[in-house]
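A.B. asks: Predicted model, plus sequence, below.
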Amino acid sequence: MTPRLAETNCEACRSGAPTLTESKIARLQPQVPDWSVVERNGIKRIERDFKFKNFAEALAFTNRVGGIAEEESHHPAILTEWGSVRVAWWTHKIKGLHQNDFIMAAKTDREYRGMAQGSGKAGRDGQSRTQAVFQKKGVFVS
């Protein structure tokens, strides 16, 4: 059985690696159904908007996404606004989509579900984990 995307780690991607084919995207997309494949500036990426009650919740989620990005060394574009966060994943080295982007989308969804439930990896422990990741990198977080 194939492991769930959220339980998979990103693999190192080299410059010049092929982007995902349409058929591979079609196989991965159902595992992250709330994400849309879009093309911006000629580069395919996956995006999702997340809704929150206020800016503080949106910012906390942004920091958690930043934590998993640091853990996996794969970084999204994030737009944080009052009550919403847009996250976009694509692989910069290859200027397109790689399986890592779908892995990170699934991990992002897990963080969102954890915040909504207020428990589990992304609940209270999620904040501590995020702080630990940033502190390990020498970044101050309070």
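C.D. replies: Now that the structure is in, tell me what you want to look at. Not measured: the values here are computed from a predicted model.

A.B. asks: Break down this protein into its helices, ranges please.
C.D. replies: Per DSSP state H, the chain carries helices over the ranges 22-28, 55-72, 99-117, 124-136.

A.B. asks: Show me which of those helices has the highest average neighbour count.
C.D. replies: Each of those was assessed for mean neighbour count using mean count of other C-beta atoms under 10 Å. The highest is helix 99-117, with a mean of 21. From N, CA and C alone the C-beta is placed, and that goes for glycine too.

A.B. asks: how far off helix 55-72 does it point, in degrees?
C.D. replies: 140 degrees (axes from the mean of the first three to the mean of the last three C-alpha atoms, to 10 degrees).

A.B. asks: Just the CA atoms of helix 99-117, as PDB, please.
C.D. replies: The C-alpha trace of helix 99-117 is given here as PDB (Å, rounded to 0.1, in the frame of the first residue of the first chain):
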ATOM      1  CA  GLN A  99       5.700  15.100  -5.900                       C
ATOM      2  CA  ASN A 100       7.200  17.100  -3.000                       C
ATOM      3  CA  ASP A 101       4.600  19.800  -3.600                       C
ATOM      4  CA  PHE A 102       1.700  17.400  -3.100                       C
ATOM      5  CA  ILE A 103       3.400  16.000   0.000                       C
ATOM      6  CA  MET A 104       3.700  19.500   1.500                       C
ATOM      7  CA  ALA A 105       0.100  20.300   0.500                       C
ATOM      8  CA  ALA A 106      -1.000  17.200   2.500                       C
ATOM      9  CA  LYS A 107       1.100  18.200   5.500                       C
ATOM     10  CA  THR A 108      -0.400  21.700   5.300                       C
ATOM     11  CA  ASP A 109      -3.900  20.300   5.300                       C
ATOM     12  CA  ARG A 110      -2.900  18.200   8.400                       C
ATOM     13  CA  GLU A 111      -1.700  21.300  10.200                       C
ATOM     14  CA  TYR A 112      -5.000  23.100   9.300                       C
ATOM     15  CA  ARG A 113      -7.100  20.200  10.600                       C
ATOM     16  CA  GLY A 114      -5.000  20.000  13.700                       C
ATOM     17  CA  MET A 115      -5.600  23.700  14.400                       C
ATOM     18  CA  ALA A 116      -9.300  23.300  13.800                       C
ATOM     19  CA  GLN A 117      -9.500  20.400  16.300                       C
END
